[in-house]
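Asks: only geometry, no sequence info:
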Ligand code: AP5
């Protein structure tokens, strides 16, 4: 991938009708990964770092909903409903999430590999993904499961700021931008996500405990789960992740 042009992930964010600005370099053994873990544990941050390190594309379902919410184009009724769920901190219905992943399944064949972030999030989604992967002859290399105490997670969420334009993620104290309120990458304004307000955070944590935790058991039983301690600086967590992944391949 050219260092001067960032992959805008257009085919993922906008759907299969859109073309990515940069197609990742094909790899001989592209990484095919899923990231799991509670809201705010650092999945998006690690996904971005892992993409740079491994050359794979970051496929986040949350980013698809946020991109649709920010777009001026009229969203479909299902997408409008999905965004309403997201803003309240609730999980979007499985049928809507599945429809958007199914439409974008071409991204799973990206020559650079992929990192699914935020999907699957329920047992029904995990089962549906597994069948899709079998149908398309794709094998996952691993399912990274980030783990951290709840009080540290709440601190990460309350200090998170996101670039309105390029979606880069910062933290007021943990990963501050060079200039307060301004994105280092593109100069866009940094904002607090609507679902990072305390009420929505509470709902998201409950949804995670009730529904998403069963997904870890699904992948544990398939011997794909790779638990990683998410405490410490982002680069330390990245190093831990890469070491664990490479150990699986050796
Ligand atoms: P989604 O976008 O997937 O959000 P999430 O899983 O709740 O995760 P977050 O993005 O909140 O956190 P993260 O783990 O990525 O942490 P981050 O790296 O930003 O989903 C949003 C919503 O969409 C859902 O609630 C749901 O409504 C809907 N949705 C999406 N997918 C769905 C699905 N499959 N089914 C149903 N509904 C779905 O880090 C957090 C903060 O910590 C940042 O400020 C960051 O800078 C900081 N930080 C990270 N790492 C470190 C570190 N090591 N040291 C210091 N600071 C750090």
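Replies: Received it, and whenever you're ready, just let me know what you need. Quantities reported herein were computed from a predicted structural model and do not represent experimental measurements. Numbers count the residues shown, from 1 in each chain.
Asks: grab the nearest non-local neighbour of residue 234.
Replies: Nearest residue to residue 234, sequence neighbours excluded (Cβ to Cβ, 6 or more residues apart in numbering): residue 45, at 5.4 Å. Just so you know, the C-beta spots here come from the backbone N, C-alpha and C atoms, and that holds for glycine as well.
Asks: contacting residues for that neighbour?
Replies: 169, 175, 234 (Cβ atoms under 8 Å, 6 or more residues apart in numbering).
Asks: across the sheet, point out what pairs with the second one.
Replies: What it means is residue 175. residue 171 (DSSP bridges).
Asks: ok, it - how many residues close by?
Replies: By other Cβ atoms under 10 Å, the residues close to residue 175 number 18.
Asks: so it sits against residue 234, correct?
Replies: Yes - contact criterion Cβ atoms under 8 Å: residue 175 and residue 234 qualify, at 6.5 Å.
Asks: any idea of the mean pLDDT in the strand or helix carrying the residue nearest to residue 234?
Replies: According to DSSP states H and E, residue 45 maps onto helix 43-54. The pLDDT scores in helix 43-54 average 94.
Asks: what lies in contact with the helix or strand just after it?
Replies: Using DSSP H and E, the next helix or strand after helix 43-54 towards the C-terminus is strand 57-60. Residues outside strand 57-60 that contact it (Cβ under 8 Å, 6+ apart): 7, 9, 12, 20, 24, 44, 47-48, 50-51, 104, 107, 110, 112-119.
Asks: neighbouring strands for strand 57-60, and are they parallel or not?
Replies: strand 113-117 (parallel).
Asks: and the next helix or strand past the partner strand?
Replies: Following strand 113-117 in sequence, per DSSP H and E, is helix 123-135.
Asks: how is this protein partitioned into domains?
Replies: Residue ranges for the domains of the chain, per automatic domain parsing: 10-148+212-249, 149-196.
Asks: the longest one and the ligand in contact?
Replies: Going back to what we said before, that points to domain 10-148+212-249. Yes - Domain 10-148+212-249 lies within reach of the ligand by Cβ under 6 Å from any ligand atom, at 37, 39-45, 60-62, 65, 85-86, 89-92, 97, 118-119, 121, 125, 233-234, 237.
Asks: now, of the residues you listed, which are buried?
Replies: 37, 39-45, 60-62, 65, 85-86, 89, 91-92, 97, 118-119, 121, 125, 234, 237 (16 or more other Cβ atoms under 10 Å).
Asks: tell me where this protein has strands.
Replies: 31-36, 57-60, 113-117, 142-147, 160-163, 169-171, 190-191, 225-229 (DSSP state E).
Asks: closest to residue 210 out of those?
Replies: Set against residue 210 and scored by Cβ to Cβ, the strands of the chain come closest in strand 31-36, at 15.1 Å.
Asks: show me which positions of the lengthiest helix in the chain end up buried.
Replies: In the chain, with assignment by DSSP state H, the single longest helix is helix 234-249. For helix 234-249, burial by neighbour count (16+ other Cβ under 10 Å) applies to 234, 237, 238, 240, 241, 245.
Asks: quick check: which ranges of the protein have low pLDDT?
Replies: Across the chain, the ranges flagged by pLDDT under 70 are 1-6, 72-75.
Asks: for the ligand, give me its nearest residue in it.
Replies: Using Cβ to the nearest ligand atom, residue 62 is the residue of the chain that sits closest to the ligand, at 1.9 Å.
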